[in-house]
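Student: Just need the structure, nothing else, for what follows:
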Amino acid sequence: MLLKDFEYFGLLFESLCLRDLRVYTDVLEGEILHYHDNIGLECDAIIRLPQGPYALVEIKLGGRLEEDAARNLMRLETLLVEKKRSKPAFKMILTAGEYGYTRPDGIHIVPLACLRD
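Tutor: Got it, this is the predicted structure:
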């Protein structure tokens, strides 16, 4: 049934990813935040560490959705810089894919299975 309802499957995948991010972030005494503003810009997870650095994370199953996620991350980074905030330490799209790599725009594509490494 889940394979027929891609949207619901995506929500379950996002919940699984957030759980894993929380586990790894807790070890570093950090926190996971969510961003959503009045113009519809959102970010699935913001990893914030106690020393100050933070990262922007979008969670997508993969495929065409990665381009949308990359645009969102870039727009949010631009907004934060315009508001005199520091740049994120990194931007990442967490996926269900098989291969990790860094895009030419600097966004890391990371399969969930590789998150620990």
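
Student: any idea which helix or strand carries residue 21?
Tutor: Per DSSP states H and E: residue 21 is located in helix 6-27.

Student: Next secondary structure element downstream of that helix?
Tutor: Beyond helix 6-27 in the direction of the C-terminus, DSSP H and E gives the next helix or strand as strand 31-36.

Student: List the pairing partners of the next helix or strand after that next one within its sheet, with orientation.
Tutor: Scanning forward in sequence from strand 31-36 by DSSP H and E, the next helix or strand is strand 42-48. If you go by DSSP bridges, strand 42-48 pairs up with strand 31-36 (antiparallel), strand 54-59 (antiparallel).

Student: Quick one: work out the angle between strand 42-48 and helix 6-27.
Tutor: Calculated by axes from the mean of the first three to the mean of the last three CA atoms, to 10 degrees, strand 42-48 forms an angle of 10 degrees with helix 6-27.

Student: Mind listing what's buried along strand 42-48?
Tutor: Going by neighbour count (16 or more other CB atoms under 10 Å), the buried part of strand 42-48 is 43, 44, 45, 46, 47, 48. Just so you know, the C-beta spots here come from the backbone N, C-alpha and C atoms, and that holds for glycine as well.

Student: go on, stretch 58-73?
Tutor: If you call a residue buried by 16+ other CB under 10 Å, then stretch 58-73 has these buried ones: 58, 59, 60, 66, 69, 70, 72, 73.

Student: Including distance to residue 80 and secondary structure, could those residues go into TSV?
Tutor: Below are those laid out as TSV (distance: CB to CB, whole Å; DSSP: H, G, I helix; E, B strand; the rest coil):
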residue	distance to residue 80	secondary structure
58	15	strand
59	19	strand
60	21	coil
66	21	helix
69	17	helix
70	16	helix
72	13	helix
73	11	helix
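
Student: what's the farthest-apart pair in those residues?
Tutor: Greatest spatial distance in these: 59 and 70, 12.8 Å, computed using CB to CB.

Student: what sits in contact with each of these two?
Tutor: Any residue near both residue 59 and residue 70 by CB atoms under 8 Å, 6 or more residues apart in numbering counts here, and that gives residue 93.
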